[in-house]
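Participant: what's the 3D shape of this:
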Amino acid sequence: MAGVKRKKVTIVDVAAKAGVSKTTISRYLNGKFEYMSEESRQRIADVIEELGYRPNSLARSLKSKQSFLLGVIVSDITSPFSPILLKGISDCCERFGYRILIANSDDEPRKERDYIMNMVDQSVDGIILNTTGGNDEFLRETAETGMRFVLADRTIDLDIFDTVHSADRNAIDQMLGYLKGEGYESVGFFTQPLTNSTRIHRCQVFREMYDKYFEGNAQVYFMEKKQRDANVMQDFMRRNLGKRHAIFTGNGVVTLRVVQTMHDFGIEFPKETGLCGFDDWEWMNLVGGGITTIGQPTYEVGKECVKRMMHLLHHPHFGTVKNVELPCQLNFRSST
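Facilitator: Numbering: from 1, shown residues only. Just a heads-up that it's a prediction; the model follows:
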């Protein structure tokens, strides 16, 4: 009925609907999951979503002296990876009554440092960071002031931060084994410059796993400038003349550039070369009969980052640094 105000949902309503105590709901909102079963956690999450419950951030912050605001910095917001990650973070933060402050570093270490300091000045409780790389010492110094960090899809040499990322090693191993089984004789790894830990790790694992399945040296090709993509493709095709070969891309951005370059040269896949790679974005299933991909659990990475942050904020002296690996999904399509 028009003019009738909807009753505000309270923690008491959530507890009653979920069949648990107010204390249990409070523990859930504060990330104290060790006090409840996985079944209870999921039931509470479902009820919160069903009822549309939103904790009162102002009241909580006055009581706890926390801002209930998290900073989130992504390295390239134009990549389709970033909005999926951000949605996972946002959806999970909403359940815990946290707001997020988003920044894009444009893969520039200086911008990343500036945004971190800006977020510190705005009293965020913690920062989820998809780091550009090159700021290890700065991150260590900032963490020593008490700022909490969780790294999203990144690792750094300092073993002091919780990290959440996809299980790349197992995925690369499976993909190379699959290509070998399909009769491919050589595979080239196409990647952007190795400026962050994810690119470095995937390239290292590819080189390591290549020897397990194929003869000869691992081939790595760098897609640095779009103007030179044609030269890179020509070099690969010339080097593998007479062999059944495939291209393995380090991420979806590279896959798009490879597809565009192949189109320019009139190269057909899998007739002339196979094609597979990381990221399973929607358009990849629409090209030809679909591109073989390694689907990353990007949304789940975002959610898990928030859960790790809740643990850090509410159990600051409990537990050790945690490295969380989430499994990938291989999708075999006609491109290979």
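Participant: rest of the way, CA atoms for contacts and neighbours
Facilitator: OK.
Participant: Following the record's annotation, map out the domains of the protein.
Facilitator: Per automatic domain parsing, the domain ranges recorded for the chain read 11-53, 66-165+298-326, 168-296.
Participant: Please enumerate the strands of the stretch 201-336 of the chain.
Facilitator: 219-222, 245-249, 274-278, 292-295, 323-326, 329-331 (DSSP state E, counting those that start in this stretch).
Participant: among these, which is nearest residue 311?
Facilitator: Checking the strands of the stretch 201-336 of the chain against residue 311 by Cα to Cα gives strand 323-326 as the closest, at 13.4 Å.
Participant: quick check, distance from the closest one to the centre of its chain.
Facilitator: On the basis of Cα atoms, centre = their mean, to the nearest Å, strand 323-326 sits 11 Å off its chain's mean C-alpha point.
Participant: which neighbours does it have in its sheet, and in what orientation?
Facilitator: strand 162-166 (parallel) (DSSP bridges).
Participant: Can you tell me what sits against the helix or strand that comes right after the partner strand?
Facilitator: Moving toward the C-terminus from strand 162-166, the first helix or strand encountered (DSSP states H and E) is helix 168-181. Residues outside helix 168-181 that contact it (Cα atoms under 8 Å, 6 or more residues apart in numbering) are 202, 205-206, 209-210, 213-214, 294, 328-330, 336.
Participant: what's the angle between helix 168-181 and strand 274-278?
Facilitator: Interaxial angle, helix 168-181 versus strand 274-278 (axes from the mean of the first three to the mean of the last three Cα atoms, to 10 degrees): 170 degrees.
Participant: and helix 168-181, how far from the chain's centre?
Facilitator: Using Cα atoms, centre = their mean, the offset of helix 168-181 from its chain centre is 20 Å.
Participant: Helix or strand next in line after that helix, which one?
Facilitator: Using DSSP H and E, the helix or strand that follows helix 168-181 in sequence is strand 186-191.
Participant: And that next one, what's buried?
Facilitator: Of all the residues in strand 186-191, those buried under the rule 16 or more other Cα atoms under 10 Å are 186-191.
Participant: how about JSON lines for the residues you listed, with distance to residue 197 and pLDDT added?
Facilitator: Output for those, formatted as JSON lines (distance: Cα to Cα, whole Å; pLDDT from 0 to 100):
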{"residue": "186", "distance to residue 197": "25", "pLDDT": "96"}
{"residue": "187", "distance to residue 197": "22", "pLDDT": "97"}
{"residue": "188", "distance to residue 197": "20", "pLDDT": "98"}
{"residue": "189", "distance to residue 197": "16", "pLDDT": "98"}
{"residue": "190", "distance to residue 197": "16", "pLDDT": "98"}
{"residue": "191", "distance to residue 197": "13", "pLDDT": "97"}
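Participant: Closest one of these to residue 153?
Facilitator: Closest approach between the buried residues of strand 186-191 and residue 153, by Cα to Cα: residue 191, at 16.4 Å.
Participant: wait, what's in contact with the closest one?
Facilitator: Each residue near residue 191 by Cα under 8 Å, 6+ apart is listed here: 199, 203, 220-223, 249-251, 254.
Participant: Now render those residues as a markdown table, adding neighbour count and pLDDT.
Facilitator: A markdown table is the format used below for the contacts of residue 191 (neighbours: other Cα atoms under 10 Å; pLDDT from 0 to 100):
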| residue | neighbour count | pLDDT |
| --- | --- | --- |
| 199 | 16 | 94 |
| 203 | 21 | 97 |
| 220 | 18 | 97 |
| 221 | 18 | 97 |
| 222 | 15 | 96 |
| 223 | 21 | 93 |
| 249 | 28 | 98 |
| 250 | 23 | 97 |
| 251 | 24 | 96 |
| 254 | 20 | 96 |
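Participant: Switch those over to JSON lines; also include distance to residue 91.
Facilitator: Conversion of these to JSON lines gives the following (distance: Cα to Cα, whole Å):
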{"residue": "199", "distance to residue 91": "27"}
{"residue": "203", "distance to residue 91": "32"}
{"residue": "220", "distance to residue 91": "38"}
{"residue": "221", "distance to residue 91": "37"}
{"residue": "222", "distance to residue 91": "35"}
{"residue": "223", "distance to residue 91": "34"}
{"residue": "249", "distance to residue 91": "30"}
{"residue": "250", "distance to residue 91": "27"}
{"residue": "251", "distance to residue 91": "24"}
{"residue": "254", "distance to residue 91": "28"}
